[in-house]
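1. I would like to see how this sequence folds:
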Amino acid sequence: MPPFDDLPIIFQLALRLFLLIEVITLSHLSGRLFLSWILGFKPIEIKLGVGSKYLFRSRKWGMDLAVTSLPMGGRVKYNDEDSSDNELSTNRLFVLKKICLLLFGPIGNFIAAIIMLAVSLSLFGDSDYTMQVVNISKNSPAEKVVIMRGDIVRSVNGYKITKFEKGRQMISSNPNSQITLGIERKSDYLKFNDYKGLLDYLDKLYKPSDYIRIFDSAHLPKIFYAKEPALSYLETINLNNLRVEISTASKFFDLTVTPDSLGKIGIGIKPYSLPNSMTYPNPFQSLTLSLNYTGLIMASLIDEIGTFVTDLFVEGNFFLEVYLMSEMFQFVLDFSNFNASLTLKYLSMLCLMAGLLNLIPFPHSVGYCIVAIVGRNLVNKICKILFKLDGDFVTDDVENYLGLIYRGVLGLVLLLIIAHSFPDFSRLF
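-> Numbers count the residues shown, from 1 in each chain. Here you go, the predicted model:
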């Protein structure tokens, strides 16, 4: 029985949210503490939570330790963390140390993600995996031969794929050479417009290997690989024009595709667990698998974000659909139905995503702070060379004004993305 089932829904949601935030926060803080200890940075304050009311406060080992009445989030403060105009413009070592301190947090998230996934694989075993397509790049070799999102790559050049990394290597090792992919594609979709009939089918006839496609806009359908996240999503949309399709079979066929000069065919992939297959890797093998999985998922996420940014600035396309990130959020929606193995995997992926998102230059994020520091120093150096300025062109005050402008532009872009990507939500405004 899931551990939260006996609690009211509001407490279930609160406990899940608290657990997720604490894992991400503690891994972030642990990363900063561990790596700062290695490089000799001295912390002066460790605070877990927000607010000014404290459950615990003490001074030990030369630093202040505190836990607030709302222990969600936290921070580590160092002697070297405060800055001045003079230090940022003249002390290169100070700038480098400040950037390192900022990076330690996301690195801690990445390390926690790798460790939790490795522990899950070592203790609970690992299925054999092939590759599942989660997105297709525009004008890519894959798009030209009509590879589709959700396709499962069963073989490469007749070689059956049971190891995810092996399949990926076989594709990338054939630049400019034709390869044959054995594809499994879900088919024979049943259509549902009646919510009650849909619930009855999911309760009695649905199989875990079936895909669920939900159409709630003019854009591509949302694909779900388990019924729990699909049901959770259905609760958030208008059911008056319900259109849901559920696969009942699979068709198998071969596609011939030619990778480009870099050995890429333009697909984002994630591991797909093969049925009735389970291995139990040793700790070293588990760590190696974990590094491979997290690295590939991170690369796919970066590729999807890069594609969106390119479309935004080159084509003016404000429609956002990051498929792999959407599928990772399915883990969160299904969080109440976990066991120990799935819990570690869920938390691992969330730590990975939190670390990556923290590097994107949103206000107050690590990426934003690094861009501000590096950009400030670069502009000041250019101005001194070109205009022979004695002082800095970008001071704290100028940086604050530029920050306000950046927040305004970013807010406008986000509103346009919401208007294009979530038209039903945008009508509330």
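
2. quick one, strands of the stretch 101-250 of the chain?
-> Remark: strands assigned in the stretch 101-250 of the chain by DSSP state E, counting those that start in this stretch are 129-136, 152-156, 159-160, 179-187, 190-192, 212-214, 222-224, 244-246, 249-257.

3. N282: which of those strands is closest?
-> The closest of the strands of the stretch 101-250 of the chain to N282 is strand 129-136. By C-beta to C-beta, the value is 17.7 Å. For every residue, glycine as well, the C-beta is placed using N, CA and C.

4. strand partners of the closest one, parallel vs antiparallel please.
-> strand 152-156 (antiparallel), strand 267-273 (antiparallel) (DSSP bridges).

5. give the contact list for I183.
-> When contacts are counted by C-beta atoms under 8 Å, 6 or more residues apart in numbering, I183 touches 147, 151-154, 252-255.

6. so what's it bridging to?
-> Per DSSP bridges, the residues bridged to I183 are V153, F253.

7. and it, how far from S140?
-> Counting by C-beta to C-beta, to the nearest Å, the separation of I183 from S140 is 16 Å.

8. looking at the contacts of I183, spot the one nearest L101.
-> L101 has its nearest neighbour among those in V153, at 42.2 Å by C-beta to C-beta.

9. so how many other residues sit close to the closest one?
-> The local packing of V153 (other C-beta atoms under 10 Å) involves 24 other residues.

10. my guess is it contacts A142. True?
-> No - if you go by C-beta atoms under 8 Å, V153 and A142 don't touch, sitting 10.6 Å apart.

11. tell me what the lengthiest strand in the chain is packed against?
-> Identified as the longest strand of the chain according to DSSP state E is strand 43-60. Applying 3 or more C-beta pairs under 8 Å, 6 or more residues apart in numbering; DSSP states H and E, we find strand 43-60 packed against helix 9-39, strand 63-78.

12. and the contacts of the shortest one?
-> Spelled out, it's strand 63-78. For strand 63-78, contacts defined as C-beta under 8 Å, 6+ apart pick out 18, 21-22, 25-26, 28-29, 32-33, 36, 41-59, 101.

13. repeat the analysis, applying 6 Å as the threshold.
-> Strand 63-78 is contacted from outside by 21, 25, 29, 32, 41, 43-51, 53-58, using C-beta atoms under 6 Å, 6 or more residues apart in numbering.

14. quick one: pLDDT of I10?
-> What the model reports as pLDDT for I10 is 66.

15. that should have said S217, apologies.
-> The model reports S217 with a pLDDT of 64.

16. among the helices and strands packed on strand 43-60, which is nearest G367?
-> Nearest to G367, of all the helices and strands packed on strand 43-60, is helix 9-39, at 13.9 Å by C-beta to C-beta.

17. so what's the gap between the closest one and the chain middle?
-> Counting by C-alpha atoms, centre = their mean, to the nearest Å, helix 9-39 is centred 16 Å from the centre of its parent chain.

18. could you list the buried residues of it?
-> For helix 9-39, burial by neighbour count (16 or more other C-beta atoms under 10 Å) applies to 12, 19-25, 27-33, 35-36.

19. contact partners for the closest residue to G150 other than its chain neighbours?
-> Closest residue to G150 apart from its sequence neighbours, by C-beta to C-beta, 6 or more residues apart in numbering: I223 at 5.4 Å. Neighbouring residues of I223 by C-beta under 6 Å, 6+ apart: 150, 211, 213.

20. from A230, how far off is I223?
-> From I223 to A230 the distance is 9 Å (C-beta to C-beta).

21. can you check V374 too?
-> V374 is 43 Å from A230, where distance means C-beta to C-beta.

22. now swap in S137 and tell me
-> Between S137 and A230 the distance is 26 Å, computed by C-beta to C-beta.

23. out of these two, which sits in the busier spot?
-> More crowded of S137 and A230, by other C-beta under 10 Å: A230, with 24 against 16.

24. pretty sure the more buried one contacts D216?
-> No - using C-beta atoms under 6 Å, A230 makes no contact with D216, being 11.7 Å away.

25. pull the number of nearby residues for G158.
-> Residues lying near G158 (other C-beta under 10 Å) number 8.

26. ignoring the adjacent residues along the chain, who's closest to it?
-> Nearest residue to G158, sequence neighbours excluded (C-beta to C-beta, 6+ apart): T180, at 7.0 Å.

27. next one: L33
-> V76 (6.1 Å).

28. any idea which element the residue nearest the centre of the chain lies in?
-> Central residue of the chain (C-alpha atoms, centre = their mean): M353, 3.1 Å from the mean position. M353 is part of helix 340-358 when elements are defined by DSSP states H and E.

29. now the element after that helix, going C-ward?
-> Next along from helix 340-358, by DSSP H and E: helix 366-387.
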